[in-house]
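**Q** Sequence first, then the predicted structure:
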There are 2 protein chains.
Amino acid sequence: MKLYDYPQAPNPRRVNIFLAEKGIKVDRVTVDLGKQEQLQPEYIAKNPACDVPMLELDDGTCISQIRGITHYFEAAYPDIPMLGKTPAEKGLVEMWEHLATMNGFLAVAEVFRNTVKGFSNRAMAGPHNYPQSAELAERGALRLPNFFKDFDQQLAKNEYVAGDAFSLADITTLVTCDFAKWIKAEIPEDCSHLRAWYTKVSDRPAVKANP
Amino acid sequence: MKLYDYPQAPNPRRVNIFLAEKGIKVDRVTVDLGKQEQLQPEYIAKNPACDVPMLELDDGTCISQIRGITHYFEAAYPDIPMLGKTPAEKGLVEMWEHLATMNGFLAVAEVFRNTVKGFSNRAMAGPHNYPQSAELAERGALRLPNFFKDFDQQLAKNEYVAGDAFSLADITTLVTCDFAKWIKAEIPEDCSHLRAWYTKVSDRPAVKANP
């Protein structure tokens, strides 16, 4: 089994923290996004979505997307669950991971990919070229403060994003807070619950091992 | 347990087909999106994301988002799996469901919510108001043909979207094809594999029971 990885980028980091939390070691192949290696024909043949990370199993099956890779590992290595234990916990982790992805991670990506000059015709990851949109960058910048505020409210009532246990929902939220620094945004001062949670989860060994 | 539902809308339909496929019956409460009942204080108190569907368990736990609700039911009622059986199948279902959501369903929603007059300050579902973006509507219209083509290629090699078995990835893809009709888009003539798959899955009893 091989994980195609580029640890400097936020999406691979989500999987790398997840694997470190579960104590899973896996062989890695670097796909240098700076050199656009994800758009080379031999990589596209394995992963038509042209993104990283991607997991290639020993039988040649290729699984991409954070959800795909994390659910594979959660099912194959159920010890140290990161996607919930009971049916209700599983539902809540999926719910909050989805909200973190859609309202946080994507809001930052909307700003980043639609403003950085190097992405002038690459406003979305993947096989297709799309022009940048100033309106979408503006909307992302409007959305991010609402994400911080909404998650601050959730963390006022819960120790972790999806409830009592650390989960993939925390990982996505943490990586979003760090990804936000790429667009010079930070957790607002008045989001005290989110800030305290951020300090706490940033100190976890699996997070410090994947900075 | 109660499912807050509005069967006319595409997102609730995804869960309704999923439940029908699994043979699960559940009490329902209608939340009339046409009357903006999802923005009433008593609903927001249960579901701060202000969207439908939402599942309220008997202990008061509220689970929203398609992923949250479907993973709850898959774990609580594992018979007739809709999210894969083996670890590899589970990974592939998540991967393809994510791609269908992000590249198909969202592309249609980008066009719909950013062009229909009734959504002039409601370009996104949820608690926050955002203005419509003509650029985002244009981008959605560019993305949808690529979604159809990419999924046609996947269905040229596979009986169902995520492989050999019907899954939630098929449900999201099917609902996306029907949602596209709302913006007067259809599966292109040259996407013969996607068209044949669409005809086949539209004929399933669970789909016909949730038109």
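**A** On my side now, so go ahead. Numbers count the residues shown, from 1 in each chain, chains lettered A, B, ... in the order given.
**Q** would you list every one of the strands in chain A?
**A** For chain A, strands defined by DSSP state E occupy the ranges A:2-5, A:27-30, A:54-56, A:62-64.
**Q** Which of those strands sits closest to chain B?
**A** Closest of these to chain B is strand A:62-64, at 4.1 Å (criterion: C-beta to the nearest C-beta). From N, CA and C alone the C-beta is placed, and that goes for glycine too.
**Q** Check which helices and strands that closest one is in contact with.
**A** On a contact count with 3 or more C-beta pairs under 8 Å, 6 or more residues apart in numbering or on different chains; DSSP states H and E, strand A:62-64 meets strand A:54-56, helix B:87-99.
**Q** Please point out which parts of the lowest-mean-pLDDT helix or strand in chain A sit buried.
**A** Between all helices and strands in chain A, the lowest mean by mean pLDDT, DSSP states H and E belongs to helix A:41-46, at a mean of 95. Within helix A:41-46, the residues that qualify as buried are residue A:43, counting by 16 or more other C-beta atoms under 10 Å in any protein chain shown.
**Q** Please put the alpha-carbon coordinates of it into PDB.
**A** C-alpha atoms of helix A:41-46 as PDB (Å, rounded to 0.1, in the frame of the first residue of the first chain):
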ATOM      1  CA  PRO A  41      -0.300  11.400 -17.200                       C
ATOM      2  CA  GLU A  42       0.900   8.500 -15.000                       C
ATOM      3  CA  TYR A  43      -0.700  10.000 -11.900                       C
ATOM      4  CA  ILE A  44      -3.900  10.900 -13.700                       C
ATOM      5  CA  ALA A  45      -4.200   7.300 -14.800                       C
ATOM      6  CA  LYS A  46      -4.300   6.300 -11.100                       C
END
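**Q** quick one: contacts of that helix?
**A** A:4, A:31, A:37, A:50, A:54, A:56, A:62, A:127 (C-beta atoms under 8 Å, 6 or more residues apart in numbering or on different chains).
**Q** Next, format those residues as a markdown table and append neighbour count.
**A** Listed next are the contacts of helix A:41-46 as a markdown table, based on neighbours: other C-beta atoms under 10 Å in any protein chain shown:
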| residue | neighbour count |
| --- | --- |
| A:4 | 22 |
| A:31 | 23 |
| A:37 | 16 |
| A:50 | 18 |
| A:54 | 26 |
| A:56 | 18 |
| A:62 | 20 |
| A:127 | 15 |
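**Q** Tell me which two in those are the farthest apart.
**A** Comparing every pair within the contacts of helix A:41-46 by C-beta to C-beta identifies A:56 and A:127 as the most remote, at 18.2 Å.
**Q** tell me the mean pLDDT for the longest helix belonging to chain A?
**A** In chain A, taking DSSP state H as the definition, the longest helix is helix A:134-157. Helix A:134-157 carries an average pLDDT of 98.
**Q** just checking, what packs against that helix?
**A** Applying 3+ C-beta pairs under 8 Å, 6+ apart, one finds that helix A:134-157 contacts helix A:87-100, helix A:106-113, helix A:192-202, helix B:134-157.
**Q** and if we set it to 6 Å?
**A** helix A:106-113, helix A:192-202 (3 or more C-beta pairs under 6 Å, 6 or more residues apart in numbering or on different chains; DSSP states H and E).
**Q** The shortest one - what's its average pLDDT?
**A** In this model, helix A:106-113 has an average pLDDT of 98.
**Q** Let me have the helices and strands packed on strand A:62-64 in CSV, extended by mean pLDDT.
**A** Listed next are these as CSV, based on pLDDT from 0 to 100:
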stretch, mean pLDDT
strand A:54-56, 98
helix B:87-99, 98
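**Q** now the residue of chain A positioned farthest from its centre: how far from chain B?
**A** In chain A, the greatest distance from the average C-alpha position (C-alpha atoms, centre = their mean) is reached by residue A:59, at 26.4 Å. Using C-beta to the nearest C-beta, to the nearest Å, we find residue A:59 at a distance of 8 Å from chain B.
**Q** Show me what from chain A comes close to chain B.
**A** By C-beta under 6 Å from any C-beta of the partner chain, the part of chain A that sits against chain B consists of A:61, A:63-65, A:67-68, A:71-72, A:75-76, A:87-88, A:90-91, A:94-95, A:98, A:128, A:130, A:133, A:135-136, A:139, A:146.
**Q** Can you tell me which of those residues are buried?
**A** By 16+ other C-beta under 10 Å, the residues of chain A next to chain B give A:61, A:63-65, A:67-68, A:71-72, A:75, A:87-88, A:90-91, A:94-95, A:98, A:128, A:130, A:133, A:135-136, A:139, A:146 as buried.
**Q** so residue A:90 makes contact with residue A:84?
**A** Yes: Residue A:90 lies in contact with residue A:84 (C-beta atoms under 6 Å); the separation is 3.7 Å.
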